[in-house]
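Asks: Sequence plus the predicted model coming up.
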Amino acid sequence: MKAVYVVQHGDADKAFEVRETAKPEPKTGEVLIAVEGFGLNFADIMARKGQYRDAPPLPSVIGYDVVGKVVSTGGEVAHLQPGDRVTAMTRFGGYAEFVATDARAAVKISDTADITEVASLTTQFCTAYYCAAEMVQLFAGDRVVIHSAAGGVGSALLQFALHKGCEVIATTGSSSKVEAIKKAGAHHVIDTSKHAFDKVIMDLTKGEGVDVIFDALGAEFIRKGINCLTAGGRIVCYGAASMSDSNNVFSQLGKAIQFGIYHPAIFMMSSKSLLGVNMLKLADKKPLTILRCLNEVVRLYEAGVFKPMKGKVFSVKDLTEAHRYMEGRKSQGKIVCQW
Ligand SMILES: NC(=O)c1ccc[n+]([C@@H]2O[C@H](COP(=O)([O-])OP(=O)(O)OC[C@H]3O[C@@H](n4cnc5c(N)ncnc54)[C@H](OP(=O)(O)O)[C@@H]3O)[C@@H](O)[C@H]2O)c1
């Protein structure tokens, strides 16, 4: 089978090579999937640049999610059959014609569903669902801040928070996305390229602060965000996109310092919480949590609560262009590469 290998860290035009390799054999509890298309994720960019700690050593096949058909199982798989179309999380290895993955990270989807929509259910919607429904329980009337609300996880969080009856303050660092976020139903939108988000949040809430912040930007967004929480407030940290702009060690160190240094007593005294989410760690240690979330995500998608944006499909031979498109912050729906 063919697979796309990352052969060197750095620019997209030099990083990839398509190679012939052996088709994987599914182990007990795994399914072998013939990949119709693999999804791109922000972590792919970080892995390609050598900034993703958990990524496999080079040469490696990255890729966190695929859509395809189950070819066979390694046994002890009750909920999937050969021939089922699935959307699945892969612990790397997604940039290939075939991939074997834990069956608990795969769910059946309709044969006719749009590939970019269903590709976003596993990583983007599942992450959002875990953050908002399991890590934090949202209640009607909660004031919720969603950073990067036009992105994949951000837009899923926005849909879920509105479904729960929350008041949503959404942010974006790209002025061109403000209107789309308003259209998606956010009550307030902050353009962080023009305004200090923490000041606007405190003005909007008349100094009271907010109940929940979902943050994948990191650095000063976390430190300033904590100051915007009211009592009982929680900040969910699930990414650090603002650190990906530069590979320069001093710039990285500067960003790391901007997160702030905290003593647990500060959180206890102010009744605030800082929560961390890493779906890959959960997939490793708590695969049934992933399956529970995936089932719920597909149910909410089929019920019309989750409405993924239609994304963009590239051919695998245009993978470099697809990476550039994501890096350029142009994408609003899921990017999928089809074989
Ligand atoms: N912890 C986990 O398990 C987990 C799981 C899935 C995703 N994530 C993380 O969640 C974040 C969002 O993922 P996604 O799939 O929703 O990505 P996405 O759709 O590409 O959205 C990412 C958004 O981040 C903002 N951004 C800020 N700084 C950026 C930078 N330097 N380069 C590119 N974008 C930047 C952009 O929004 P604006 O233009 O609006 O500012 C961009 O649209 C990523 O950081 C990803 O690594 C974490």
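Replies: Received it, and whenever you're ready, just let me know what you need.
Asks: could you give the mean pLDDT of the helix or strand F221 falls within?
Replies: Element membership for F221, per DSSP states H and E: helix 220-227. Helix 220-227 comes out with an average pLDDT of 97.
Asks: Would the very next helix or strand once past that helix count as contacting the ligand?
Replies: Counting by DSSP H and E, the next helix or strand C-terminal to helix 220-227 is strand 229-237. No - with C-beta under 6 Å from any ligand atom as the criterion, the ligand is not reached by strand 229-237; the gap is at least 8.3 Å. C-beta: built from backbone N, CA, C; applies to glycine.
Asks: and strand 229-237, C-alpha only, in CSV?
Replies: The C-alpha coordinates for strand 229-237 follow below in CSV (Å, rounded to 0.1, in the frame of the first residue of the first chain):
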residue,chain,number,x,y,z
LEU,A,229,-13.1,33.8,35.6
THR,A,230,-15.8,34.3,38.2
ALA,A,231,-16.0,32.1,41.3
GLY,A,232,-16.6,28.5,40.2
GLY,A,233,-15.0,29.4,36.9
ARG,A,234,-13.1,26.9,34.8
ILE,A,235,-10.6,27.4,32.0
VAL,A,236,-10.1,24.4,29.7
CYS,A,237,-6.7,24.3,28.1
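Asks: Can you classify the residue nearest to S174 when sequence neighbours are not counted as helix, strand or coil?
Replies: The spatial neighbour of S174 that comes closest, neighbours along the chain excluded (C-beta to C-beta, 6 or more residues apart in numbering), is R329 at 6.0 Å. Classification of R329 by DSSP: H, G, I helix; E, B strand; the rest coil places it in coil.
Asks: Could you do Q252 as well?
Replies: helix.
Asks: burial measure for it, as a count.
Replies: Neighbour count of Q252, defined by other C-beta atoms under 10 Å: 17.
Asks: Wait, it touches Q258, no?
Replies: No - at 10.7 Å, Q252 and Q258 do not qualify as touching, with contact defined as C-beta atoms under 8 Å.
Asks: Spell out which parts of this protein neighbour the ligand.
Replies: 41-43, 123-124, 127, 148, 150-154, 172-174, 177, 216-217, 238-239, 241-242, 244-245, 277-279, 326, 329, 331.
Asks: The residues you listed in helices, which ones?
Replies: Under the assignment DSSP state H, the residues of the chain next to the ligand contribute F42, A43, T127, G152, V153, G154, M279, M326 to helices.
Asks: Apart from its chain neighbours, what residue comes closest to the fourth one?
Replies: Nearest-residue entry for G152: Q124, 3.4 Å, with adjacent residues in sequence omitted and distances by C-beta to C-beta, 6+ apart.
Asks: Quick check: what element follows the longest helix along the chain along the chain?
Replies: Identified as the longest helix of the chain according to DSSP H is helix 287-302. Downstream of helix 287-302, the first helix or strand assigned by DSSP H and E is strand 312-315.
Asks: so what does that next one touch, helix or strand wise?
Replies: helix 115-120, helix 319-327, strand 335-338 (3 or more C-beta pairs under 8 Å, 6 or more residues apart in numbering; DSSP states H and E).
Asks: Can you give the contact residues for that strand?
Replies: G37, I115, T116, E321, A322, Y325, S331, G333, I335, V336, C337, Q338 (C-beta atoms under 8 Å, 6 or more residues apart in numbering).
Asks: wait, which of these is closest to H9?
Replies: If you rank those by distance to H9 using C-beta to C-beta, A322 comes first, at 17.7 Å.
Asks: which residues sit in contact with the residue in the chain positioned nearest to the ligand?
Replies: Closest residue of the chain to the ligand, C-beta to the nearest ligand atom: G151 (2.5 Å). By C-beta under 8 Å, 6+ apart, the contact set of G151 is Q124, A216, Q332.
Asks: can you check M1 too?
Replies: Residues near M1 by C-beta under 8 Å, 6+ apart: E20, T21, A22, K23, A96, E97, F98.
Asks: who wins for neighbours among those?
Replies: A96 (27 neighbours).
Asks: any idea how far V168 is from that residue?
Replies: A96 sits at a distance of 38 Å from V168 (criterion: C-beta to C-beta, to the nearest Å).
Asks: try K281
Replies: 28 Å.
Asks: same check, this time on L280
Replies: Per C-beta to C-beta, L280 is found 27 Å from V168.
Asks: These two - which one has more neighbours?
Replies: Taking other C-beta under 10 Å, L280 and V168 do not tie; V168 has more neighbours (24 against 15).
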